[in-house]
Every structure is written in C-alpha cells, then in structure tokens.
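Participant: Kindly generate the corresponding structure for this input.
(2 chains, ligands or ions: 3)
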Amino acid sequence: MRENFTKSMARNIFYGGTVFFFLFFIGLTFDTISVLPETDNRHNITGKVALGKKVWEVNNCIGCHTLLGEGAYFAPELGNVYKRFGHSKDAIIAFIKSRPVEGIKGRRSMPQFNLSDKELDAIAEFLKYTSEIDAANWPPNIQG
Amino acid sequence: MQYKSQAVAKPYFIAAIGLFIGQILFGVILGLQYVVGDFLFPEIPFNVARMVHTNLLIVWLLFGFMGAAYYMVPEETETELYSPKLAIILFWVFLVAGALTIIGYLSVPYATLAQMTGNDLLPTMGREFLEQPTITKVGIVIVALGLLFNISMTALKGRKTAIIMVMIIGLWGLAIFFLFAFYNPVNLVLDKYFWWWVVHLWVEGVWELILGSILAFVLIKMTGVDREIIEKWLYVIIAMALISGIIGTGHHYFWIGTPDYWQWWGSLFSAIEPIPFFMMVIFAFNMVNKRKRDHPNKAAMLWAIGTPVMAFLGAGVWGFMHTLAPVNYFTHGSQITAAHGHMAFYGAYVMVVLAIISYAMPILRGRAAANSKKSQVVEMWSFWLMTVSMVFITLFLTGAGILQVWLQRISEAPMSFMVVQDKIAIFYWMREVAGIIFLLGLILYVISFFVGGEEEASS
Ligand code: HEM
Ligand code: HEM
Ligand SMILES: [Fe+2]
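Facilitator: Numbering: from 1, shown residues only, chains lettered A, B, ... in the order given. Ligands and ions are numbered 1, 2, ... in the order given. You can find the predicted model right below:
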C-alpha cells in the first residue's frame, strides 16, 4: 500500500464506515419493521399458531427441514407444505402421526414425536400461517 | 513464552482440538445418514447429530478465539493478564456447560431437554445453530462477559495496539450480537430477521475482526514485518469487511417475507463482501515476501497462508456464487448452501484457529519457537489432507446442489425433494469418502503433537 496512505487514515475509514453503515442498517431495519405487516401475515397469528411454533421449536424440526429455505437440507421444505398437501391441514396431521417408530429400513425417515391432537392441530396451523407469508414468490415451484 | 499468564491459553487450545474431533465424528455420521437413511435411527436421528456437529463447531471455535485472546493480549499489551485465575475458572465453566449440553442432546429427546431446562420461561431453543437450552445461552454470555472484562482490564493498563483493539472490538461484537439469540417472537418473519443478526453479523461481521487480528498477530510474529504496515492492512481489511458485510445481511432477506428492496441492497453489498477476503490473500503473501526472518515454524506459516486462500475460496468465491438475488432464488436452501457453509467455516475460522494454535502451542509447551522437523512434517501432511478433502467435500456438494436445483426447481417436470435426493446419492457417497479422509487428516493432526521433541535453536 502507498506510503502517504497512513494507518490513522485506515483506522478512520474503519470507524467512520462502520458507524455510517451500521446506522444505515438500523434505518433500513426500522423501515422494514414498519412495512412488515403488509407481507408477514401477522393478522393470522393466533394462540394456536403460537403453540404450533413452540411445537416446531421444541422438536427441533429445523434440524432436518428447511422453512422458507433456512434450516437443514435433509428433508423437504415446509414453508409451502400446506399448499403442496392440497391446502389440507388434515393431510399434514395424518403424515406426522403415521411415522413409524422404528423408521423405514435403509431409508431416511421422520421420527415419531407422539404429539397430542392439540399439538398436531397447532403445528398444522403454524405451517398454514407460514405458507401464507408473502415470500416474494419463493420457492420457485411447489416442490420447494 | 514472554508472559507467564499466557499459559492460560493452553487448556483452551486443548479443549478446542478435543471438541473438533467430536464435531468431525458427528460430521461423518451425518454424511452416512444422508445415504444410509436409517443409520443409528431412532437412537440418534439426523437432527440430533446435526446439532452436535454444528454446536461443537461453534463452541470449539469460541474456545479457539478465547485461547487466542488470552495468548495475544499479554504479549500485545506488554503486561500480565489482569486475572489468570478468572480465565481458568471461565474455562471450566464453559467446558462443563458445553459438555452437559451435548450430553443433553444425546441422552434425552430434544422436547424433554427443552422441558427440563425451562424453555417455556424464555423460549429460545429449536432454531438453527441456536439449539442450546436457554440456560446454556446464559452461560455463554457470562463466559463472554468474563473474558471481555479480563482482557479489557488488561488492555487498559497496558499498551494499546491496533491488533488488540480490533480483537477486543470483535469479541465485544460477538457478545453483543449473541444477545439477539434471546429474542424469539412468534412472528416468524421477525424471528428470522433478527436470527441473522447473530448468524450473519457474526461470520460476516465481527468474527472477521477476530480473524483479521489473529492473522495479523501471527504474521507479525512470523515475518517480522513492521507493525505499522501490518496494522494498516488490518484496518483496511476490516473496514471493507464491515462496510460490505453489515448491509450485506440483506442477502438473507430475499425470501423470508421482508420487503423486496432487500433484493437490491443485499445483492449489491454482499457482492463486495469477497473484497476483504481477497485483500487478506494479498496481505498475507505480501508480508511473507517482505519477511525479515525465516521463522522455524513452517507448519504455522502454512496455516497462516492457507487461511486467507481458503477463506477467499469458501466465503468469497462460493459466497458470491449464490449471493445475487436472481441466482439465490434458485439455490436458496439447497446443497449449494451447504457446500459454501463448509468451505467458508473451514477456510476462515477453523484454519485461523489452527494457525494460532500451531504458532502458540510449541511456545506454550516450553519449546524455543517450533516443534521438531518430524512433528512439523506430520502436521503439514494433516494440513493438506484436511484442506484438500474439504475442497472435495465442497465440490461434491456443489455437484449435488446443481443437480438438485435443476431437477427440483428448474426442469420442465420438477421432481419431489425425496426423489431428487435418491438421484444424487452418488455425490453424497463421494462426500462421505472425502469426509473420512478429512477425519484421517485430523487424526494425523492430533498425532503431530506427540511426535518427537523440539526444533534445534532457530536459524
Ligand atoms: C471442519 C470441518 C467441518 C466444518 C467447519 C463443518 C461445518 C458445518 C456447518 C456450518 C454445517 C451447517 C451447514 C449449513 O447450514 O449450511 C454443517 C452441516 C453438515 N455437515 Fe459439516 N462441517 C465439517 C466437516 C464435516 C464432515 C467431515 C462431514 C461429513 C462427511 C460433514 C457433514 C455434514 C452434514 C451431512 C451436514 C448437514 C447438512 C444438512 O443440513 O443437510 N461435515 N457442517
Ligand atoms: C467466513 C465467512 C462466511 C461463513 C462462515 C459463511 C457461512 C455460511 C453458512 C453456514 C450459511 C448457511 C446458513 C444457514 O444455515 O441457513 C451461509 C449462507 C449464505 N452465505 Fe455465507 N458465509 C460466509 C461468508 C459469505 C460471503 C462473503 C458471502 C457472499 C459473498 C456469503 C453468502 C451467503 C449466502 C447468499 C447465503 C444464503 C444461502 C441460501 O440462500 O441458502 N457468505 N453462509
Ligand atoms: Fe450472510
């Protein structure tokens, strides 16, 4: 690097640039938060959805699946599973309920979580809510 | 060793290597579960093995960063550590908390663990990388604050170099952004938005400060180049890292229910994120060319040069590959993501921790400056085995990812996820083979610590 570009100039760029862009980021964050209600489907958040999210979390579903493309890549995307299963909560519930305890020989299989009917309904409701978030047309098609 | 209190770094480094072995064992298990789906099922389902793999990674890297901080601070500030005792206490707190957490993952169902640890009081569990029980998270914060107190107090009474200031700012940032792990709203979009404040603002933000500072420290020691020059580079690199990386967070805000303008901000700023990594490459090679001495520790040199190169490939090149919104639309959440995650974490953070360990460990073990030639040769073999097999893991996952994206998301008759997984299984088999070679490289790395004595007086 050139001699007349000194260490203290470099340091000032670091501090100045960081502060500037961090404040800018905060600004964008505030704007995002203010317009989120248009896309984040919050008006459909109910007690059931909240319970569903909890069931999702305490069973670590994200450890195998993606949700809106984030998570693990071992099992299918679930952000749009409600749509993939023909807009049917019952189909989702039936699937989760019927997982064999000992798995499927030689193949990947989902654990049997022994959820109660209330929890099953809640998780399906949570996945329905998720599928109605406006995610800019992602995923590209129904396969997720 | 110039300062007695630097010795506290040693247990941190040893723990780091121990947990690294655990991480890779579980990596190999995961890789096998990809192709032999019922392997260890239902005893250790994939999601459990995955948490162990990723959480061990994070914890051992943190051990490495902390060890690096404790090693560097006295030498840089030219004074003994404020409290070596606190450093040792925090070491045991962190190790026990970490071990209990991993045992928890493996011994009871996750839902039971959540219940046992009172997740209902403050639900933070069950999100990727943040799976730890809330109480473990509190422990992490306490350990981080204790470390920060200790090294900040040391820096206050001693010389304040740029290297150590950058390290301290990086560690403060690490602790502060981790606090967002405690924010878990029901609103999924908000949850995801701030989840990235931990994950992205760590690896593409404050951790880059820690990375830069460790690298600068090792390069000063090994090349003897003027501090003024090295620290100028350091500032420019981290300036570029944060200028690009903060708004670059937007590359995670394309498809999660956030406003469309993030597709512009995220694409533009993350597209320049490779620059600081590229500068690190130029920096490292430049300093080595200008070196004023030939340090006898050739193995440490290899790690120090390898770090920027692999970081640039994994984070810079593989990151850029899928960071523009029109590309990411198709690759988001595919094996391409996994390919990038592996090489970026390995190249940037695994390698820099191994670089400081390689440099510091001989000195911590009371050797003049380096291990014996024989030991270094073994260590350099392990460098090549691990690095080359990581390149292959990345290439195989990229192959899998391209096919996956094509078959599942682009072709005229898109196939379902599970059908596609079957079709690309050959790539997962090859990844597993590369993973086993990685494990062999790691075993060799551990062996290098037990191979013959000390290097003759430095040349
Ligand atoms: C130092 C070396 C390694 C590092 C730094 C590392 C890091 C990671 C990270 C960060 C993830 C999360 C991936 C993501 O979300 O994109 C992950 C997942 C994974 N790792 Fe590794 N890993 C390493 C070695 C290995 C090895 C040797 C194997 C196996 C052969 C392996 C197999 C896996 C698998 C199968 C997953 C799960 C991917 C999924 O969710 O589908 N890893 N690893
Ligand atoms: C050392 C630095 C980096 C590390 C350790 C790293 C690691 C990771 C990991 C683990 C993920 C997966 C997160 C998840 O599980 O959802 C990820 C995602 C991503 N990274 Fe990086 N990364 C680094 C730097 C970069 C850079 C410099 C770029 C861009 C130039 C980049 C672009 C991306 C993108 C676009 C994604 C999202 C992928 C998706 O949509 O699925 N990363 N990174
Ligand atoms: Fe990122």
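
Participant: Please count neighbours and contacts with C-alpha atoms only from this point.
Facilitator: Will do.

Participant: who's in contact with residue B:413?
Facilitator: residue B:407 (CA atoms under 8 Å, 6 or more residues apart in numbering or on different chains).

Participant: wait, is it part of a helix?
Facilitator: No - assessed with DSSP: H, G, I helix; E, B strand; the rest coil, residue B:413 is coil; it does not lie in a helix.

Participant: And it, how far from residue B:405?
Facilitator: 12 Å (CA to CA, to the nearest Å).

Participant: Could you do residue B:232 as well?
Facilitator: Distance from residue B:232 to residue B:405, by CA to CA: 43 Å.

Participant: Spell out which residues of chain A are next to ligand 1.
Facilitator: A:72, A:73, A:74 (CA under 6 Å from any ligand atom).

Participant: can you pull the contacts of the first one?
Facilitator: Residues in contact with residue A:72 (CA under 8 Å, 6+ apart) are A:62, A:63, A:64, A:65, A:66, B:333.

Participant: what about the nearest residue to the last one once chain neighbours are set aside, how many neighbours?
Facilitator: Looking back up the chat, that one is residue B:333. Nearest residue to residue B:333 in three dimensions, chain neighbours excluded: residue A:69, at 4.4 Å (CA to CA, 6 or more residues apart in numbering or on different chains). Residues contacting residue A:69 under the criterion other CA atoms under 10 Å in any protein chain shown number 24.

Participant: what do you get for the one 4 residues further on?
Facilitator: Other residues near residue A:73 number 20, with proximity taken as other CA under 10 Å.

Participant: Same check on residue B:412?
Facilitator: Using other CA under 10 Å, residue B:412 has 9 neighbouring residues.

Participant: pLDDT weak spots in chain B?
Facilitator: B:454-459 (pLDDT under 70).

Participant: mind listing what's buried in the longest helix seen in chain A?
Facilitator: Of all segments of type helix in chain A, defined using DSSP state H, the longest is helix A:7-35. If you call a residue buried by 16 or more other CA atoms under 10 Å in any protein chain shown, then helix A:7-35 has these buried ones: A:7, A:10, A:11, A:13, A:14, A:17, A:18, A:21, A:22, A:25, A:28, A:32.

Participant: Assign the residue nearest to the spatial centre of chain B to one of the three secondary structure states.
Facilitator: Nearest to the mean C-alpha position of chain B, by CA atoms, centre = their mean, lies residue B:349 at 3.5 Å. Following three-state DSSP, residue B:349 is assigned to helix.

Participant: can I assume it is in contact with residue B:212?
Facilitator: No - applying CA atoms under 8 Å, one finds residue B:349 not in contact with residue B:212, separated by 10.4 Å.

Participant: Tell me the residues of the stretch 151-300 of chain B that contact ligand 2?
Facilitator: So the stretch 151-300 of chain B meets ligand 2 at B:203, B:204, B:251, B:252, B:270, B:271, B:273, B:274 (CA under 6 Å from any ligand atom).

Participant: on that earlier part again, what packs against the longest helix of chain A?
Facilitator: Applying 3 or more CA pairs under 8 Å, 6 or more residues apart in numbering or on different chains; DSSP states H and E, one finds that helix A:7-35 makes contact with helix B:227-248.

Participant: does any part of the helix it packs on sit near chain A?
Facilitator: Yes - Helix B:227-248 reaches chain A (CA under 8 Å from any CA of the partner chain) through B:228-229, B:231-233, B:235-236, B:238-240, B:242-243, B:246-247.

Participant: So which of those residues wins on neighbours?
Facilitator: residue B:238 (31 neighbours).

Participant: does that residue really touch residue B:207, like I thought?
Facilitator: No - Residue B:238 is beyond contact range of residue B:207, at 10.0 Å (criterion: CA under 8 Å).

Participant: which intervals of chain A have sub-threshold pLDDT?
Facilitator: In chain A, no residues with pLDDT under 70.

Participant: where's stretch A:89-99 relative to the chain centroid, distance-wise?
Facilitator: 20 Å (CA atoms, centre = their mean, to the nearest Å).

Participant: can you tell me which residues contact residue B:332?
Facilitator: Here residue B:332 is in contact with A:69, A:70, B:322 (CA under 8 Å, 6+ apart).

Participant: Please convert those to CSV, extending it with secondary structure and distance to residue B:316.
Facilitator: Putting the contacts of residue B:332 into CSV (DSSP: H, G, I helix; E, B strand; the rest coil; distance: CA to CA, whole Å) gives the following:
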residue, secondary structure, distance to residue B:316
A:69, coil, 21
A:70, strand, 21
B:322, coil, 11
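
Participant: between the longest helix of chain A and helix B:227-248, how many degrees?
Facilitator: For helix A:7-35 against helix B:227-248, the angle by axes from the mean of the first three to the mean of the last three CA atoms, to 10 degrees is 10 degrees.

Participant: Does chain B have contacts with whatever helix or strand comes next after helix A:7-35?
Facilitator: Once the chain leaves helix A:7-35, the next helix or strand it forms, by DSSP states H and E, is helix A:47-58. Yes - judged by CA under 8 Å from any CA, helix A:47-58 and chain B are in contact via A:50, A:53, A:56, A:57, A:58.

Participant: For the stretch 51-200 of chain B, what lies in contact range of chain A?
Facilitator: So far as CA under 8 Å from any CA goes, the stretch 51-200 of chain B lies against chain A at B:51, B:110-111, B:114, B:125-128, B:131, B:186-189.

Participant: circling back: any idea how far the residue nearest to residue B:333 lies from residue B:265?
Facilitator: Residue A:69 is 19 Å from residue B:265, by CA to CA.

Participant: try residue A:127
Facilitator: On the measure of CA to CA, residue A:127 and residue B:265 end up 29 Å apart.

Participant: more crowded one of the two?
Facilitator: Taking neighbours as other CA under 10 Å, residue A:127 and residue B:265 compare with residue A:127 leading, 23 against 20.

Participant: Sticking with the more buried one, tell me its helix or strand.
Facilitator: helix A:117-131.

Participant: Please point out which parts of that helix sit buried.
Facilitator: Per 16+ other CA under 10 Å, helix A:117-131 contains these buried residues: A:119-131.

Participant: same for it, what does it pack against?
Facilitator: Against helix A:117-131 (3+ CA pairs under 8 Å, 6+ apart) you get helix A:47-58, helix A:81-84, helix A:89-97.
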